[in-house]
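*Asks:* Sequence and computational prediction follow.
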Number of protein chains: 2
Amino acid sequence: MTFDLVLDHLRQTSLLLQIAETSHWDQETVMPEKGASLRAEQIGALAATIHTRQSDPQVMEWISALNEAELTPFDRCNVDEARRQYDKATRIPKSLAEASAKAASEGQVLWTEARKQNDYAVFAPALKRNVALKREEAACLTDGDGGLYDSLLDSFEPGAETAEVEPLLESLRPALVSLRERIQEKPAPTALSGSFPESDQLDLARFVAETMGYDFKAGRLDISVHPFSSGTVSDARITTRIDEADIQDCLFSTMHEVGHALYTQGAAHPYLPAGDYCSMGVHESQSRFWENQIGRSQPFAEWFFPSLKTRFDTLNLRGPEELYAAVNHVQTGFVRTEADEVHYNLHILLRFELELELIDGSLETEDLEAAWNMRFERDFGKAPPDARLGVLQDVHWSAGLFGYFPTYSLGNIYSACLDEAMRADLPDRDAMVRAGETAPILDWLRERVHSRGRLLAPQDLIAEATGKAPSTRPLIDYLETKFGALYDL
Amino acid sequence: MTFDLVLDHLRQTSLLLQIAETSHWDQETVMPEKGASLRAEQIGALAATIHTRQSDPQVMEWISALNEAELTPFDRCNVDEARRQYDKATRIPKSLAEASAKAASEGQVLWTEARKQNDYAVFAPALKRNVALKREEAACLTDGDGGLYDSLLDSFEPGAETAEVEPLLESLRPALVSLRERIQEKPAPTALSGSFPESDQLDLARFVAETMGYDFKAGRLDISVHPFSSGTVSDARITTRIDEADIQDCLFSTMHEVGHALYTQGAAHPYLPAGDYCSMGVHESQSRFWENQIGRSQPFAEWFFPSLKTRFDTLNLRGPEELYAAVNHVQTGFVRTEADEVHYNLHILLRFELELELIDGSLETEDLEAAWNMRFERDFGKAPPDARLGVLQDVHWSAGLFGYFPTYSLGNIYSACLDEAMRADLPDRDAMVRAGETAPILDWLRERVHSRGRLLAPQDLIAEATGKAPSTRPLIDYLETKFGALYDL
């Protein structure tokens, strides 16, 4: 039966994609430094192989012989994905796909080196190449009915359009600015301080991950320059990073990646695309939910404080209330991954507008650092002191990821929608968190999000899970309520 | 030019083979336990892809259009390797190659579990499947001019024939038995004892590896159930294992794998087969050379003793002479990787004769444990107390490696040939080792072995390197001289 042939083809392709992901994980965590250039070639060779598979016209012949009406929704979704892969692969020439993969791998090496030297100029040529290749890719993908950026965004958030996403995200700005201005007049809480040895931080991070339901028999936690999650349902790995003077980076990075990994570990199928995640926005809703709605909540601080105090006797804070205030300190900082919930989406808006301009050609990579610094000062009131705290802080552009940043804000919007609906379903959720019992929370997400695969469009998945079309209202309500109470506004 | 097409094809295939190796390294060292079955599928999918490439008739068309006489020896060797890959790949059907790769991956999972449970029966069904698949493969490869085993041996030792290797290895037996009998009448040296924490062992293993010239910027050292080496010139990784009551296992496993990795790090080319290693026998000559001719030598003990004593104050030995005697204690043990140089090749002979019978069908996997125990008692005077110390001790058969074991003894034979020739070239080698200066030794091997690739057949490479055709005489002389002095024979 030709449908089995289509499924087998998809399965084999997914397995090769998984190997590419392991190879990438290896590069970011354990690979010795001299391995970098050969690794780039290896990843390029594998990408070329995958591209050949995805552009195989035989698969389209099998599909055309199917009676799609007879298929289950799950199977129909797989057929749609095969068609989508074919369309994308045949529009992008094999040589371009290979060059992009290689440039992305080499770009990350140069980005790491540039961060080490704290010098954007070291990274700029690699970024220039990445942008040029992305523009070429985008031009191949567009039908002329959308801009270049639309076709990149679609890779991460299927069906999303710049013309809709841009005003949606921009609509957050007035509320965030207002909230931030009111908070800035208030006194700052006691900042968290102490000395936090690496091995103890990792140990605590593992404990938190396990409490949130992360299965270490199907994953592992390592250290990398930029935290990330990768893998499959049975091998969903996460990384974190350590600053011995500040435990918050490690802790909240871990919770964030745990949120991604819980989604991965709860996937409906290990290698068919219909069982895979819905979109990056939905993926991000999971990471932000566990990081913010749980990890930065008052009941979590109550549960967590004793574990923190026991492990680190140099901790200055005296109780859960001080911990809750400290981890929600609203302060204008330079680094997105360390940003509080009020500033976070302003960070995203900055990157979103810059990459829109890089892709439409109105901003040159040579001018990116200056543009970053100028607009950062415009939005945040001060310019970054150096490249590491500015334009070099994120891995995305070095890896050729353009169109990805807006999915972070979509994720924040979705996570607030899910949070509101979950609270209605689980009225004693705070008590659960206070007791470190998160299983009902994870079950709720498993049922309504994780197990649903990509059968629905992102906004439809959220609408079904919450009973309402997604909007920015729950996020704004959540922030106003939380920070209103914290800062006595 | 068609030759460039052939080279590019070989290069891409090598890069995919390298990715498969990284995937295997990952499985053995860092993969979470639930990842096992999906990993087996991933490796199967990649093996199928590689098989498709290697059996591509287009490559044979390109080759037939070449004027091979115009090529350099290096390029001619690459063309020969492309032909060899094609021949092997087209004789073995894709489905069989995929099934073998998957069975090997699953076999290792069951072998690990069987070792944990100390129960051969847990592993037996996987071994039965591996043997059946190997027999099928061997039948595809043979032209009827050699037995099934010959075609398996050829994969590891190109051109070697069972009819020549079997009597060669058997010829070692009388000399080894005579030596062993004479030693057994002598008093045993003081055994090495003490307490050796894991992290200190790893630290010392790293120090020894570096002293031997291993480049950690192009490699790494990890822990696995069975030590192994893998990778490429710029990323040649090794593993070891730790027993906190016995530091010898970690130390000599490390030196052994360092020997392999030095060969890999010294390869003539990162991805063309002509620049790759010559044969497994030659590879093994490198591991055994650093483990035995250097690591178990009297001057090495002199250099090493202070480092050992400083790190482990519970060490019972009082000086380098006691260390030298202890690490060369000739004693009938059960485990190949812990065997002294006198017993080692008897271990290999046992496995060699058992796998010859498994492959020719005269021994069933159900009877393997009984056959192992019976013949072990015949050769070593006592039966293993359990499966872990007996039939379950080696990873090879679980990974589908049949025809590999004899290359260990070929390696011992070759390493003794190299040792004899090197001593003539470097008369003050003992003084170098005593000072921890191994660079001239590594340079000698780099020039005569590592950089030569696979342009010559194994025996011709050794003959060119040493000025003499390889024979068992240098090994027997070396053992008689060394152990004659140690045991006052």
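*Replies:* Yes, it's here.
*Asks:* for A:Ser471, helix, strand, or coil?
*Replies:* coil (DSSP: H, G, I helix; E, B strand; the rest coil).
*Asks:* tell me, how many neighbours does the closest residue to chain B within the stretch 51-200 of chain A end up with?
*Replies:* Using Cβ to the nearest Cβ, the single residue of the stretch 51-200 of chain A nearest to chain B is A:Arg53, 8.2 Å away. In short, each C-beta sits where N, CA and C put it, glycine included. With neighbours defined by other Cβ atoms under 10 Å in any protein chain shown, the count for A:Arg53 comes to 19.
*Asks:* how much space between it and B:Ser23?
*Replies:* A:Arg53 is 18 Å from B:Ser23, where distance means Cβ to Cβ, to the nearest Å.
*Asks:* residues in contact with the helix or strand hosting the residue of the stretch 51-200 of chain A closest to chain B?
*Replies:* A:Arg53 belongs to helix A:36-54 when assigned by DSSP states H and E. Applying Cβ atoms under 8 Å, 6 or more residues apart in numbering or on different chains, the contact partners of helix A:36-54 are A:9, A:12-13, A:16-17, A:19-20, A:23-24, A:26-27, A:31, A:85-86, A:88-89, A:92, A:94, A:97-102, A:105-106, A:109, B:12, B:15-16, B:18-19, B:22, B:49, B:232-235, B:270-271.
*Asks:* Using PDB, write out every CA atom in that helix.
*Replies:* The C-alpha trace of helix A:36-54 is given here as PDB (Å, rounded to 0.1, in the frame of the first residue of the first chain):
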ATOM      1  CA  ALA A  36      34.800  21.900  14.700                       C
ATOM      2  CA  SER A  37      35.600  22.200  11.000                       C
ATOM      3  CA  LEU A  38      35.200  18.500  10.200                       C
ATOM      4  CA  ARG A  39      31.900  18.600  12.100                       C
ATOM      5  CA  ALA A  40      30.700  21.300   9.900                       C
ATOM      6  CA  GLU A  41      31.400  19.200   6.900                       C
ATOM      7  CA  GLN A  42      29.700  16.200   8.500                       C
ATOM      8  CA  ILE A  43      26.600  18.100   9.200                       C
ATOM      9  CA  GLY A  44      26.600  19.500   5.700                       C
ATOM     10  CA  ALA A  45      26.900  16.000   4.300                       C
ATOM     11  CA  LEU A  46      24.000  14.800   6.400                       C
ATOM     12  CA  ALA A  47      21.900  17.800   5.500                       C
ATOM     13  CA  ALA A  48      22.500  17.100   1.800                       C
ATOM     14  CA  THR A  49      21.300  13.500   2.300                       C
ATOM     15  CA  ILE A  50      18.200  14.600   4.100                       C
ATOM     16  CA  HIS A  51      17.500  17.200   1.400                       C
ATOM     17  CA  THR A  52      17.800  14.500  -1.300                       C
ATOM     18  CA  ARG A  53      15.200  12.400   0.600                       C
ATOM     19  CA  GLN A  54      12.800  15.300   1.100                       C
END
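*Asks:* Which helix or strand lies directly C-terminal to it?
*Replies:* Next along from helix A:36-54, by DSSP H and E: helix A:57-64.
*Asks:* Tell me how far that following helix lies from the chain's centre.
*Replies:* 34 Å (Cα atoms, centre = their mean, to the nearest Å).
*Asks:* Would you mind getting the angle between the helix holding A:Arg53 and helix A:57-64?
*Replies:* 40 degrees (axes from the mean of the first three to the mean of the last three Cα atoms, to 10 degrees).
*Asks:* Need the pLDDT of the residue of the stretch 51-200 of chain A closest to chain B.
*Replies:* The confidence metric pLDDT takes the value 93 at A:Arg53.
*Asks:* try A:Gly44
*Replies:* Taking A:Gly44 on its own, its pLDDT is 88.
*Asks:* Can you list the buried residues in the helix holding A:Arg53?
*Replies:* The neighbour-count check on helix A:36-54 (16 or more other Cβ atoms under 10 Å in any protein chain shown) flags A:36, A:38-51, A:53-54 as buried.
*Asks:* What of stretch A:399-415?
*Replies:* Quick answer for stretch A:399-415 (16+ other Cβ under 10 Å): A:399-415.
*Asks:* what residues are up against the residue positioned nearest the centre of chain A?
*Replies:* For chain A, the residue sitting closest to the mean C-alpha position, by Cα atoms, centre = their mean, is A:Glu284 at 4.9 Å. A:Glu284 makes contact with A:407-408, A:410-412, A:414-415 under the criterion Cβ under 8 Å, 6+ apart.
*Asks:* distance of it from chain B?
*Replies:* Separation of A:Glu284 from chain B (Cβ to the nearest Cβ, to the nearest Å): 24 Å.
*Asks:* How about that residue, nearest residue that isn't a chain neighbour?
*Replies:* The shortest distance from A:Glu284 to any non-neighbouring residue, by Cβ to Cβ, 6 or more residues apart in numbering or on different chains, is to A:Gly411 (2.4 Å).
*Asks:* from what I can see the one you found touches A:Ser279, true?
*Replies:* No: using Cβ atoms under 8 Å as the test, A:Gly411 is too far from A:Ser279 to be in contact (9.3 Å).
*Asks:* For the stretch 1-150 of chain A, give me the ranges with low pLDDT.
*Replies:* A:144-146 (pLDDT under 70).
*Asks:* Write out the residues of it neighbouring chain B.
*Replies:* Contact residues (Cβ under 8 Å from any Cβ of the partner chain) of the stretch 1-150 of chain A with chain B: A:11-12, A:15-16, A:18-19, A:22-23, A:26, A:30-35, A:37-39, A:41-42, A:44-46, A:48-49.
*Asks:* what residue ranges in the stretch 301-450 of chain A are flagged as low confidence?
*Replies:* Checking the stretch 301-450 of chain A against pLDDT under 70 turns up nothing.
*Asks:* Okay, helices next: where are they in it?
*Replies:* Assigned by DSSP state H, counting those that start in this stretch, the helices in the stretch 301-450 of chain A fall at A:320-327, A:341-360, A:368-380, A:406-425, A:429-434, A:439-448.
*Asks:* Straight-line length of stretch A:396-405, end to end?
*Replies:* Terminal residues of stretch A:396-405 are spaced 8 Å apart (Cα to Cα, to the nearest Å).
*Asks:* Might you name the residue of the stretch 251-400 of chain A sitting closest to chain B?
*Replies:* Nearest residue of the stretch 251-400 of chain A to chain B: A:Pro270, at 5.6 Å (Cβ to the nearest Cβ).
*Asks:* which ones are touching that residue?
*Replies:* So A:Pro270 contacts A:232-234, B:38 (Cβ under 8 Å, 6+ apart).
*Asks:* ok, 10 Å please
*Replies:* Shown in contact with A:Pro270 (Cβ atoms under 10 Å, 6 or more residues apart in numbering or on different chains): A:11, A:14-15, A:18, A:232-235, A:276, B:37-38, B:41.
*Asks:* Ok, A:Val391 next?
*Replies:* Counting by Cβ under 10 Å, 6+ apart, A:Val391 makes contact with A:114, A:120, A:123-124, A:127, A:351, A:354, A:368-373, A:376, A:384, A:397.
*Asks:* Check A:Asn412 too.
*Replies:* Per Cβ under 10 Å, 6+ apart, neighbours of A:Asn412: A:169, A:172, A:281, A:284-285, A:287-289, A:292, A:341, A:344-345, A:348, A:472, A:475, A:478-479.
*Asks:* how about the residues of the stretch 151-300 of chain A near chain B?
*Replies:* Proximity of the stretch 151-300 of chain A to chain B, by Cβ under 10 Å from any Cβ of the partner chain, involves residues A:215-220, A:222, A:231-237, A:265, A:270-271.
*Asks:* Of the contacts of A:Pro270, which is the most crowded?
*Replies:* Neighbour max across the contacts of A:Pro270 (other Cβ under 10 Å) = A:Asp235, 30 neighbours.
*Asks:* Thanks a lot, see you next time.
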